[in-house]
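Asks: Below is the structure, and that's it, no one-letter string:
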């Protein structure tokens, strides 16, 4: 596809401002990872979680550079689904990678839904049964899918309102938490390079939301100017919030306490700061943040699915038989996310999501090297992104194989299945569809 044609087509759907795009990115990042994975990360990094967040931000910044250059050159609602076709051409590689990318967004959405249900259970006194917790997760997925039907601009406004409340609550928690904590009695825990690397990999999912912004590039007035600004603004603001919040958390709770409160660490930390009020406010913020992240991620996943069908990002067979319309793409996305919520626990789906996106970012950035003459990107940040993403993937994957081999196997099967389905549909199933 010609970039000029993409730009012309994108003008038909203008309607998202720089503020809304930035909020969309923040909403995609500031979700279940911050509120629900601190305990999991602390098991590896101890009290060095703020360092793991900073390293994750540095790692993500190279991928943000790559995506910003690609999104500004090839604006499309499909975001990275378009980047793969531009880089690798239409075929098995781009098609299989796009299907896997679609699955990665669904896994991330399942993580946010699981985080929402975990905090909902915590606010209700922990009295929900496992089945009821899963039903809450399924319910919020359906609710966010309904919001997506109201349109791009409404999604952006909903993100801005939700994230505004969450940001204020987290800043107040950070300031009060650092003030209340007995800093003189604080002692850093032991650490290892491998442990911090694993924690960085686990927390990396907190930064995947920057990719969500590229899916709104065709709805921007000036994507070349606004997209990079929105993406880096979201990354910087979120990193500051992560550092402050995680610093307050490690000052208030020991690694052992974080492990005991795994899944709802911040709510229990806020209880130390402001009693029941702090517990409820941070718990409510967690619900909003998880819902906002879920909302933004479903927005991205369904847009990728629709774009794959409309622009030959996957085979014509899969596109015409599965993803024929936006509403069908949204419906399929919703059903698959609900299935993931019902099958995988929060901790497992969190690691799976980070692994999936580390692979996706490495592959898309490698493809970017092939078209960098069009995007004007420098070579060294692209190679830095590839090496860092693959390094974190390897470290985290080894840990997952040791701790939860079933999820590692599921991820490998999903990866192989995506490329197999694409190859089979292109080679053997073309004749099954009748021309319209």
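Replies: Looks like it arrived, so ask away. Since the model is a prediction, treat every value here as computed from it, not as a measurement.

Asks: what about the host helix or strand of residue 165, average pLDDT?
Replies: Under the criterion of DSSP states H and E, residue 165 resides in helix 152-180. The pLDDT scores in helix 152-180 average 79.

Asks: For residue 183, the count of nearby residues, please.
Replies: Residue 183 has 9 neighbours, counted by other Cβ atoms under 10 Å. Any C-beta I mention is one placed from the backbone N, CA and C, and that applies to glycine too.

Asks: circling back: check which helices and strands the helix or strand just after the helix holding residue 165 sits against.
Replies: Heading C-terminal from helix 152-180, the first helix or strand you meet, by DSSP H and E, is helix 193-203. Here helix 193-203 touches helix 38-45, helix 49-73, helix 346-370, helix 379-403, going by 3 or more Cβ pairs under 8 Å, 6 or more residues apart in numbering; DSSP states H and E.

Asks: model confidence over the third one, on average?
Replies: Same thing as helix 346-370. With pLDDT averaged residue by residue, helix 346-370 scores 89.

Asks: Helix 193-203 and that helix, what's the angle between them?
Replies: Interaxial angle, helix 346-370 versus helix 193-203 (axes from the mean of the first three to the mean of the last three Cα atoms, to 10 degrees): 90 degrees.

Asks: which residues sit against the next helix or strand after helix 346-370?
Replies: As assigned by DSSP H and E, the chain's next helix or strand after helix 346-370 is helix 372-375. By Cβ atoms under 8 Å, 6 or more residues apart in numbering, the residues outside helix 372-375 that reach it are 3, 69-70, 72-73, 86, 368, 379, 382.

Asks: looking at those residues, which has the most residues close by?
Replies: Going by other Cβ under 10 Å, residue 70 tops these with 30 neighbours.

Asks: if I look at the nearest residue to that residue once chain neighbours are set aside, how far off is residue 76?
Replies: For residue 70, ignoring the flanking residues on the chain, the nearest one in space by Cβ to Cβ, 6 or more residues apart in numbering is residue 83 at 4.6 Å. For residue 83, the distance to residue 76 equals 9 Å [Cβ to Cβ, to the nearest Å].

Asks: can you check residue 131 too?
Replies: Distance from residue 131 to residue 76, by Cβ to Cβ: 40 Å.

Asks: thinking again about what came up before, tell me the secondary structure of the residue nearest to residue 70, please.
Replies: At residue 83 the chain is in helix, as set by DSSP: H, G, I helix; E, B strand; the rest coil.

Asks: Would you quantify the distance from it to residue 63?
Replies: 12 Å.

Asks: residues in contact with the residue most central in space within the chain?
Replies: Residue closest to the mean C-alpha point of the chain, counted by Cα atoms, centre = their mean, is residue 208 at 3.8 Å. For residue 208, the contact set (Cβ under 8 Å, 6+ apart) comprises 28-29, 108, 353-354, 357.

Asks: let's see it at 10 Å
Replies: 28-29, 31, 33, 60, 63, 104-105, 108, 111, 293, 297, 300, 353-354, 356-358, 360-361 (Cβ atoms under 10 Å, 6 or more residues apart in numbering).

Asks: Same check on residue 251?
Replies: Counting by Cβ under 10 Å, 6+ apart, residue 251 has contacts 47, 177-183, 185-186, 269, 272.

Asks: Residue 174 too?
Replies: So, once contact is read as Cβ under 10 Å, 6+ apart, residue 174 ends up touching 240-241, 243-249, 273.

Asks: hang on, the earlier thing: show me which of the contacts of helix 372-375 has the smallest pLDDT value.
Replies: Checking pLDDT across the contacts of helix 372-375, the minimum falls on residue 3 at 34.

Asks: pLDDT below threshold where in this protein?
Replies: Scanning the chain for pLDDT under 70 picks out 1-15, 27-28, 30-32, 77-79, 148-160, 215, 299-300, 302-304, 306-326, 428-436.

Asks: top helix in it by residue count?
Replies: Ranked by residue count, the top helix of the chain under DSSP state H comes out as helix 265-310.

Asks: what's the angle between that one and helix 49-73?
Replies: Orientation check (the same axes, to 10 degrees): helix 265-310 against helix 49-73 gives 20 degrees.

Asks: tally of neighbours for residue 327?
Replies: Count around residue 327 with other Cβ under 10 Å applied: 11.

Asks: meant to ask about residue 409, not that
Replies: Close neighbours of residue 409, defined as other Cβ under 10 Å, add up to 12.

Asks: need the contact list for it.
Replies: Contact analysis of residue 409 by Cβ under 10 Å, 6+ apart lists 400-401.
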